[in-house]
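Visitor: model the following, please.
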Amino acid sequence: MINEKELAASRERCRRQRIRILEISQKLSALHVAPAFSCLELVDACYSHFMRRQGAVSDTFILSKGHGAMAQYVALESLGILSRGDVDTICQKNGRLGGHPDYGLPGIEMSSGSLGHGLPIALGMARADLERKQDRVIFLVMSDGEFMEGSVWEALLVAPSLQILNLVVLVDHNRSISRGEIEVNHPNFMPLAPKIRSFGWEVEESDGHDVGEIVRKVCGRSRKKPFALVGHTVKGKGVSYMENKPIWAYRSPNPEEYQQALHELGQGGGT
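Guide: Predicted structure coming up:
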């Protein structure tokens, strides 16, 4: 579980990571800022509270939501796996990092960006581990928009029959796609959690920005079925003019907007 000191540290870490992402956004004409803000706590919970990264067992993290790459990049930077120089030069000449994660770079276990691929790939990895009797858990963060891909539902259907217990899926359920609100564009999509449960999964729901609740729900899973946590999140979380605004799916703040965002995140107008 998680104690108050760890929870406070996680909140502060995520606040600083949002500021760091904003800082990077000023180097580029456009960046996926708001999508990264919505999954930051889910990513932090994986890296800081769930994953075993030392000793004989090393768990794996996969970001299927490739357009949320900045959330993974700043997490890897805070762990010293990516350098500050790596993150500073994203999408720039001679830089190593692109707008979406690329397999083979430090800490990146899967190339993503084409939505709907992460779950079936993670499922294959998890099944291979069972065959090899390897003690590893694969943590996957995916977007709710990915559930519009048939490959996701195929993976959901087959996972229970393959007895996949070593895979934890965390869904960034911000109810928003690039075209707008999911309820408007795909009204039959909701509610999401019962649909996943009907495929034989154990499913919990939480505030996707409350790391304490995320940790409690994931650590309390039965380990008798494939597990998914549906985290209810806000696209652009923490910056008022970004929150739940589809236009911020791929956009960098202008100088005035940047200063307002820093102020709202408690930075006081400077980096």
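Visitor: ranges for the strands of the protein?
Guide: Taking DSSP state E as the test, the strands found in the chain are 60-63, 138-143, 167-173, 176-177, 180-181, 202-207, 227-232.
Visitor: those strands: lowest mean pLDDT?
Guide: Note on the strands of the chain: strand 180-181 shows the lowest mean pLDDT, a mean of 75.
Visitor: not counting its own residues, what contacts that strand?
Guide: Here strand 180-181 makes contact (Cβ atoms under 8 Å, 6 or more residues apart in numbering) with 175, 246. Any C-beta I mention is one placed from the backbone N, CA and C, and that applies to glycine too.
Visitor: neighbouring strands for that strand, and are they parallel or not?
Guide: Its sheet considered, strand 180-181 pairs with strand 176-177 (antiparallel) by DSSP bridges.
Visitor: now residue 260, nearest residue through space, not along the chain?
Guide: Distances taken as Cβ to Cβ, 6 or more residues apart in numbering place residue 241 nearest to residue 260, at 7.1 Å, with adjacent residues excluded.
Visitor: report the contact partners of that neighbour.
Guide: Here residue 241 is in contact with 257, 260-261 (Cβ under 8 Å, 6+ apart).
Visitor: hang on, the earlier thing: so which of the strands of the chain is the most surrounded?
Guide: Greatest average neighbour count among the strands of the chain goes to strand 167-173 (a mean of 27), per mean count of other Cβ atoms under 10 Å.
Visitor: most neighbours among the contacts of residue 241, which one?
Guide: residue 261 (24 neighbours; other Cβ atoms under 10 Å).
Visitor: tell me the pLDDT at residue 129?
Guide: 95.
Visitor: use 234 as the first number for this chain going forward.
Guide: Fine by me, first position is 234 from now on; the one you just mentioned is residue 362.
Visitor: how far away is it from residue 345?
Guide: Distance, residue 362 to residue 345, by Cβ to Cβ, to the nearest Å: 20 Å.
Visitor: quick one: which of those two has more around it?
Guide: The neighbour comparison of residue 362 against residue 345 (other Cβ under 10 Å) goes to residue 345, with 27 against 18.
Visitor: what about the nearest residue to the more buried one once chain neighbours are set aside, how many neighbours?
Guide: Nearest residue to residue 345 in three dimensions, chain neighbours excluded: residue 299, at 3.5 Å (Cβ to Cβ, 6+ apart). Residues near residue 299, counting by other Cβ under 10 Å, number 25.
Visitor: please list all residues in contact with residue 299.
Guide: 333-334, 344-348.
Visitor: got these as CSV, with distance to residue 454 and pLDDT columns?
Guide: CSV is the format used below for the contacts of residue 299 (distance: Cβ to Cβ, whole Å; pLDDT from 0 to 100):
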residue, distance to residue 454, pLDDT
333, 29, 95
334, 26, 95
344, 28, 96
345, 24, 95
346, 29, 89
347, 29, 88
348, 25, 91
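Visitor: which among those end up buried?
Guide: With neighbours counted by 16 or more other Cβ atoms under 10 Å, the contacts of residue 299 contain buried members at 333-334, 344-346, 348.
Visitor: in helices only, show me those residues.
Guide: Residues of the buried ones among the contacts of residue 299 located in helices (DSSP state H): none.
Visitor: pLDDT below threshold where in this structure?
Guide: 288, 501-504 (pLDDT under 70).
Visitor: just the helices in this structure please.
Guide: For the chain, the helices defined by DSSP H occupy 237-258, 266-278, 302-311, 317-321, 351-365, 383-391, 415-418, 425-430, 444-452, 488-497.
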